[in-house]
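> following is a predicted model, sequence given first.
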Amino acid sequence: MSLFSIFNVAGSGMAAQSLRLNTVASNLANADSVSSTPEGAYRSREPLFAAVKNAQDSGSNAVGEGVQVLGVTESQAAIPSRYEPGNPLADADGYVYSSNVNPVDELVNMISASRSYQNNVEVMNSPRQLMQKTLDLGK
Amino acid sequence: MTLTPDNLFGIHTRALDLWQRRTEVLANNLANADTPGYLARDVDFRKVLAAAGGGADGLPLQTTTAGQIGNAGQAADGLAYRVPSQPSMDGNTVDAQAEQAAFAANGVHYQASLSFITAQIRMLRTAISGGQS
């Protein structure tokens, strides 16, 4: 337990948020991807966060140790189909299947993730100054 | 006046410890600002200070047989869950703005404790050197 562990905590937060930004980027890049089968269509992805508990100190008073990404989930929303017989990817009936990415959701996610990232950067900065002042104690 | 650090700096070393711990708790809250179901926590300063100052708050539970759990270890820790100001869909009770404000205030408190200790050191220096620097 020291100010050093705050760097781990804030670092884990930054890593989690940057992974979230990555999935947002992937989703937006694939927003207009099409596929010839519903199974092959791109599904919107989102990371699943969970708090990390201290391994040695499992009581209710244990201070957590940041955040972890349990995995990346795929959206179960319906895959929209479009009738485009001229599309080279169209199936036998002339349909193509696009992704179920909702660009509005993704943009909101992006703003939220970047704000949280900035928060974590701030959290990392301030203990750094406090540590510096503690080291200068008595000067 | 014995010169163990505890007597020299009074309660400020304990306070420094506590502010540091609180910084950690708040950093955790901010890191988990988007974790579903995460419950924000904070240190109950009054409780911990009372425990550190030796003034126990309330009566200790009596443990009459082996295996009973007393409340001796609980008071000193003083971690409590924050009461959320507005509910959120995913069960997360972190309010990023409130946490940031608490974090900033906490940093100032830490610096205040530090400056108390610095003043104490300066006073000792003056006593040692007899006022000539």
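Sure thing, it's come through. Residues are numbered from 1 along each chain as shown, chains lettered A, B, ... in the order given.
> need the distance between the two termini of stretch B:66-81.
Separation of the first and last residues of stretch B:66-81 by C-alpha to C-alpha, to the nearest Å is 30 Å.
> can you map out the strands along the chain?
Defaulting to chain A. A:34-35, A:45-51, A:67-74, A:81-83, A:95-98 (DSSP state E).
> wait, chain B
Going by DSSP E, chain B shows strands at B:41-43, B:79-81.
> the last one near chain A anywhere?
To tie it back to what came earlier, the one meant is strand B:79-81. Yes. With C-beta under 8 Å from any C-beta of the partner chain as the measure, strand B:79-81 is seen reaching chain A through B:Leu79. All C-beta spots, glycine's among them, are computed from the backbone N, C-alpha and C.
> so who does residue 78 touch?
This is for chain A. Contact analysis of A:Ala78 by C-beta atoms under 8 Å, 6 or more residues apart in numbering or on different chains lists A:Asn100.
> not quite, I wanted chain B
Listed by C-beta under 8 Å, 6+ apart, the contact partners of B:Gly78 are B:Val43, B:Asp44, B:Phe45, B:Lys47, B:Val48, B:Ala51.
> next one: A:Gln76
The contact partners of A:Gln76, taken as C-beta under 8 Å, 6+ apart, are A:Arg43.
> what's the pLDDT at residue 19?
The chain I'm using is chain A. With respect to pLDDT, A:Leu19 scores 94.
> hm, I was asking about chain B
pLDDT, B:Trp19: 89.
> from A:Gln68, how far off is the residue nearest to it when sequence neighbours are not counted?
Among residues not flanking B:Trp19 along the chain, B:Tyr110 sits closest, at 4.1 Å (C-beta to C-beta, 6 or more residues apart in numbering or on different chains). B:Tyr110 sits 28 Å away from A:Gln68, going by C-beta to C-beta, to the nearest Å.
> who's more crowded, those two?
The residue with more neighbours, out of B:Tyr110 and A:Gln68, is B:Tyr110; 24 against 16, by other C-beta atoms under 10 Å in any protein chain shown.
> what is the burial count for B:Leu30?
23.
> flag every buried residue along the longest helix anywhere in chain B.
The residue-count maximum for a helix in chain B (DSSP state H) belongs to helix B:96-129. Going by neighbour count (16 or more other C-beta atoms under 10 Å in any protein chain shown), the buried part of helix B:96-129 is B:96, B:98-100, B:102-103, B:106-107, B:109-111, B:113-114, B:116-118.
> also stretch A:41-52?
A:Ala41, A:Tyr42, A:Arg43, A:Ser44, A:Arg45, A:Glu46, A:Pro47, A:Phe49, A:Ala50, A:Ala51, A:Val52.
> so B:Glu99 touches B:Ala31, yeah?
No. Between B:Glu99 and B:Ala31 no contact is recorded; they are 10.1 Å apart, counting by C-beta atoms under 8 Å.
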